[in-house]
Structure formats: C-alpha cells, structure tokens
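# Structural data only, the sequence is not supplied:
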Ligand SMILES: [Zn+2]
C-alpha cells in the first residue's frame, strides 16, 4: 500500500510526455505505471487532463532579507511554491548581516532558511577575493556553487580583478566546484553610471546606454578564456542577448566546461517595455532590443542556455519609480519567482509551439544536474523526491498585484495574461499549494546538500540537448 497515488496524468520528462500513474511513499516516487495498472494507495489524486511536471528548480533567485522591507524568506518562498517552484539555489547576496563569505555566515543563513522556507533549498556561496580561503569550507558544507559579481555588489561583494578570478578558479577547480558569473565589464559599467550622475542623465534610455551589450560580451569572453586555461567549471548567469549565447555555444563546442542560463524576463520583454512602462523593468544586464528574445529562445531550444531561472529580486515601489528618484538611484531586479513557470509554459507551449519537455529540461533537469541536485531533484523518476507540479493546460490566468504573495506586491509581470496554470505543487509527497493557496507551513523546506546525493549520473557535465 502506497501513501499516495497521482493517477491518469500526462507525465512530462525531458524527452517525452506520457500517460501514467505515480505512486509515492515516504516522500519518494516509488513506482510509475501505465494508466491501466492501478495500485493500492491511501489517497488518490485524479490528474485527468492535467500535465505533471517535475518541480521547478530555480537556480538563481534572491530569497530575501537583504532588506527585510523588500522581501522576506517566508513571503518569497511561499510565493515560489504557489507558482510551482519546489527547490532553489539561493543567491548569497541577501542576508541581514553579510554576504555568504565564510562557513559561519553560511551556517547562519542555512539555519535561518530552515526556520522560514516553504520550499527545499540549496545555497550559493560568495566568490570574494578576500575570502578565497573559505571556498573549500563552504563547499564541504554543501554550497552548490559560488557567485562572482564581476562588477562587484553591495554587502561585502568586492569586485575581483581578472587576476583574482584566475586565482579563484584555480582554487575552486581543486575541489571540482562551480563558479557562476554576473558578466558585465566593471570599468564600462562604473564609467556608465558615473556619466549618468555627472551629467544628470535621468532617463530610462540613459540607463540602457550606461550598460551596453559590449560590456556583457567582453566579460563573458574574459571568463571563457580563464575557464579554458584553468579547467574550472563555470556557469554564466542571466544571459540577456543571443550574441552572448553564441559566444558561449562556441566555447561549449570547443570543450570548455561552461553552462549558462537566461531569465523569463529576457524571454518575454524588451527594452521597449522599460522605455514605455517604467523601471519595474529595470534589471542588470538590462533588457535588450526587440527581437533579442526570439534569438534567446533558439539558444534555449538548442540547450546552450540550458537553465531558465527567475533572478527574482524584490524592491520597494519607490525604488522602481523614476518619478520619485533619479533613474541612476533606483534599484535593479524583477520579482518573478511566483510567475516564472506559468509565463514560461504559456510562451513556450502556447505561443511558440514548443514541447512541454523543454520545460522539464530547462527548469528542472538541467539545473538539477549542473548544481548537483540530480538524483533527488530534477525529474519524475523512481527513488527521486516526489516534487511534482500539476498544470491545468486549459486554465486562463491574468497576473494581478493582489495575486502576488511577495512582501511587495509589484512586478513587471503584472498585467500579463495567458493559459496553463500550476494548480497543485507537491514537495516530498506533501501537497504544499493548491490553486494558488499555500498549504505548507513556514520552515517545512529542507536543505539539500549536493554532497549527500549519490547518483551515478550526477557528474554529467553537459546539459542534455
Ligand atoms: Zn541575481
């Protein structure tokens, strides 16, 4: 007798969609049968007409508490599970105290997440030159990857020189770790911002001009050369333009151990949204010209941009409003973790005619593989955690401020309409959300340590394409 059966659903994996029944006990998927093979289970969920996806793994988001008035761990993670995200790799930027630069701060944040998070979580550590000696310790505690801001960032994120990055890559290569890069050339970004301030260039166009595509291209090329030399595994965060993806593809073809992601906002918006609608669309790297999204979709389909992530990053309404402050003083970042799956589903399947398998690939399997979570997370397979999202493909939706569970109920995605909505989210066999309502309790999420997952296929370096 199983604890639970989910029957008559269309199960989606990275290669096919098939009708089947899923049986679950002790939080794990125990068996998957044809629809005509019914097993005994204490509870049955009927999934007739619904799609069953592996839970989304958001490998890039900022859970919160950098500034508690922006976002908190409970609000962002409750929003995530309502939207079908079951596990994440949390960025090391936003803590009350400091960025995650050493094992003490890593443990402090892990503990805090264990009290607050509604979803399962893994964690990034910070790649900061003064703390390269702490990288191995954080890796041993379960850091899935290390984040490098080539431009620097607030909260203790000093900007590394290229020599620092080379040293750090050699250190991380020693223990076969992964470094993720925010790629924009620091000199160019600093000069662009300074020019805006000096010349009081307070327009949205001036912001776009201050962060040119060339700054992203130059930074990515630099990272590729060092990865080629050192052999360190690298991951390029939030690719904003197909030209950047093309450079990454060439490096992949040459055997450099490099993977990359893009975000839902680059796939559906353009700089015209920022110019016309305002600074809720302000992010870094910025949204690019109309048409860039079409190119990005091609590289997602090809597997070059193997992960699609949210880069959820919250802010106060006045921090995204250029009628209240100069553009150059406003924050960057878009709130999107709650809506990433429905937006990606609608655009991929309904608007662009892609197979739902693409979603299982780029939102679950590939991030799980690259960040060492595969074996527990990333697929609907026997012995994996029963992390499952049910999508009703017929359900229409419109994103409103009121529907958002974030602390600040604002987002560039408000106003979007589409079809196909997550109606049930399950983590380790427990229904954590149904029809947008969160049923789990605060702190029910679990820390997922890649070092504790033994799966023979886990070392696979490349995305499946
Ligand atoms: Zn980010």
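Happy to help now that I have it. Treat the numbers as computed from the prediction; the structure is a model and nothing was measured.

# When you work out contacts or count neighbours from here on, use the C-alpha atoms and nothing else.
Fine.

# which stretches of the chain aren't confidently modelled?
When residues are selected by pLDDT under 70, those of the chain lie in 65-67, 94-97, 456-465.

# Could you tell me which helix of it is the longest one?
Of all the segments assigned as helix in the chain under DSSP state H, the longest by residue count is helix 213-230.

# gap between whichever helix or strand comes after that helix and the chain center?
The element immediately downstream of helix 213-230 (helix or strand, assigned by DSSP states H and E) is strand 233-236. Shown here is strand 233-236, whose average C-alpha point lies 14 Å from the average C-alpha point of the whole chain (C-alpha atoms, centre = their mean, to the nearest Å).

# Tell me the strands beside strand 233-236, with direction?
Using DSSP bridges, the neighbouring strands of strand 233-236 in the sheet come out as strand 178-182 (parallel), strand 258-263 (parallel).

# Residue 345 is nearest to which of those strands?
In this view, those are compared for proximity to residue 345 by C-alpha to C-alpha, and strand 258-263 is the closest at 13.2 Å.

# hey, where'd the helices end up in the stretch 201-350 of the chain?
Counting by DSSP state H, counting those that start in this stretch, residue ranges of the helices within the stretch 201-350 of the chain are 204-210, 213-230, 242-253, 264-268, 271-277, 292-302, 340-345.

# Quick one: closest of those to residue 58.
Counting by C-alpha to C-alpha, residue 58 lies closest to helix 340-345 out of these; the figure is 9.1 Å.

# Using JSON lines, lay out the helices of the stretch 201-350 of the chain together with distance to residue 388 and mean neighbour count.
As requested, the helices of the stretch 201-350 of the chain are arranged in JSON lines below (distance: least, C-alpha to C-alpha, whole Å; neighbours: other C-alpha atoms under 10 Å):
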{"stretch": "helix 204-210", "distance to residue 388": "39", "mean neighbour count": "18"}
{"stretch": "helix 213-230", "distance to residue 388": "35", "mean neighbour count": "18"}
{"stretch": "helix 242-253", "distance to residue 388": "30", "mean neighbour count": "18"}
{"stretch": "helix 264-268", "distance to residue 388": "21", "mean neighbour count": "23"}
{"stretch": "helix 271-277", "distance to residue 388": "33", "mean neighbour count": "16"}
{"stretch": "helix 292-302", "distance to residue 388": "23", "mean neighbour count": "19"}
{"stretch": "helix 340-345", "distance to residue 388": "13", "mean neighbour count": "25"}
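
# Which one, of those, ends up nearest to residue 43?
Judging the helices of the stretch 201-350 of the chain by C-alpha to C-alpha, what sits closest to residue 43 is helix 340-345, at 26.8 Å.

# Quick one: residues in contact with that closest one.
Around helix 340-345, the neighbours that count as contacts under C-alpha atoms under 8 Å, 6 or more residues apart in numbering are 56, 83-85, 264, 309-310, 356, 359, 418-422.

# on contacts alone, who are the packing partners of the longest helix of the chain?
Where contact means 3 or more C-alpha pairs under 8 Å, 6 or more residues apart in numbering; DSSP states H and E, helix 213-230 is packed against helix 162-174, strand 233-236, helix 242-253.

# Distance to residue 260 added to those, as JSON lines?
Compiled in JSON lines, those are given as follows (distance: least, C-alpha to C-alpha, whole Å):
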{"stretch": "helix 162-174", "distance to residue 260": "17"}
{"stretch": "strand 233-236", "distance to residue 260": "4"}
{"stretch": "helix 242-253", "distance to residue 260": "8"}
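
# in stretch 75-88, what counts as buried?
Within stretch 75-88, the residues scored as buried using 16 or more other C-alpha atoms under 10 Å are 75-88.

# from those residues, which single one is nearest residue 283?
Taking C-alpha to C-alpha as the measure, residue 283 lies nearest residue 76 of the buried residues of stretch 75-88, at 18.4 Å.

# Correct me if wrong: the closest one contacts residue 63.
Yes - with contacts counted by C-alpha atoms under 8 Å, residue 76 reaches residue 63, the gap being 5.9 Å.

# out of the strands paired with strand 233-236, deepest packed?
strand 258-263 (a mean of 26; mean count of other C-alpha atoms under 10 Å).

# how far is that strand from where the chain is centred?
For strand 258-263, the distance from its own C-alpha centre to the chain's C-alpha centre is 10 Å (C-alpha atoms, centre = their mean).

# Can you name the residues in contact with it?
In this structure, residues lying in contact with strand 258-263 by C-alpha under 8 Å, 6+ apart are 224, 227, 233-240, 248, 251-252, 296, 304-311, 462-463.

# from the residues you listed, which would you call buried?
By the neighbour-count criterion of 16+ other C-alpha under 10 Å, the contacts of strand 258-263 include these buried positions: 224, 227, 233-240, 248, 251-252, 296, 304-311, 462-463.

# What separation do you get for residue 380 and residue 50?
Residue 380 sits 15 Å away from residue 50, going by C-alpha to C-alpha, to the nearest Å.

# And residue 15, by the same measure?
18 Å.

# Residue 339 now?
Relative to residue 50, residue 339 is positioned 19 Å away (criterion: C-alpha to C-alpha).

# The two: which is more packed in?
Per other C-alpha atoms under 10 Å, whichever of residue 339 and residue 50 has more neighbours is residue 339, with 26 against 20.

# so that one makes contact with residue 83?
Yes - in this structure, residue 339 sits in contact with residue 83. The criterion is C-alpha under 8 Å, and the distance is 5.8 Å.

# Which secondary structure state is assigned to residue 390?
Assigned state for residue 390: strand (three-state reduction, DSSP: H, G, I helix; E, B strand; the rest coil).

# what is it paired to in the beta sheet?
The residues that residue 390 bridges to, once DSSP bridges is applied, are residue 52, residue 424.

# so who does it touch?
Contacts for residue 390 (C-alpha under 8 Å, 6+ apart) come out as 47, 50-53, 422-425.

# Of the residues you listed, which is the most crowded?
Neighbour counts for the contacts of residue 390 were taken using other C-alpha under 10 Å; the highest belongs to residue 425, with 32 neighbours.

# Now do the same contact list for that residue.
With the criterion set at C-alpha under 8 Å, 6+ apart, residue 425 makes contact with 55, 81-86, 387-390, 431-434.

# Apply 7 Å and report the result again.
By C-alpha atoms under 7 Å, 6 or more residues apart in numbering, the residues touching residue 425 are 81-82, 84, 388-390, 431-434.

# how about CSV for those, with distance to residue 157 added?
What follows is these, written out as CSV (distance: C-alpha to C-alpha, whole Å):
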residue, distance to residue 157
81, 29
82, 32
84, 31
388, 36
389, 35
390, 39
431, 38
432, 35
433, 35
434, 39
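
# Can you tell me which of those end up in helices?
Of the contacts of residue 425, the ones assigned to helices by DSSP H are 81-82.

# I'd like to check the angle between the longest helix of the chain and helix 242-253, please.
Orientation of helix 213-230 against helix 242-253 (axes from the mean of the first three to the mean of the last three C-alpha atoms, to 10 degrees) gives an angle of 10 degrees.

# Now do helix 213-230: everything it contacts.
By C-alpha under 7 Å, 6+ apart, the residues outside helix 213-230 that reach it are 166, 169-170, 183-185, 188, 233-234, 244, 256.

# ok, and what's touching stretch 135-151?
By C-alpha under 7 Å, 6+ apart, the residues outside stretch 135-151 that reach it are 102-103, 106, 122-127, 159-160, 177-186, 371-372, 449-451.
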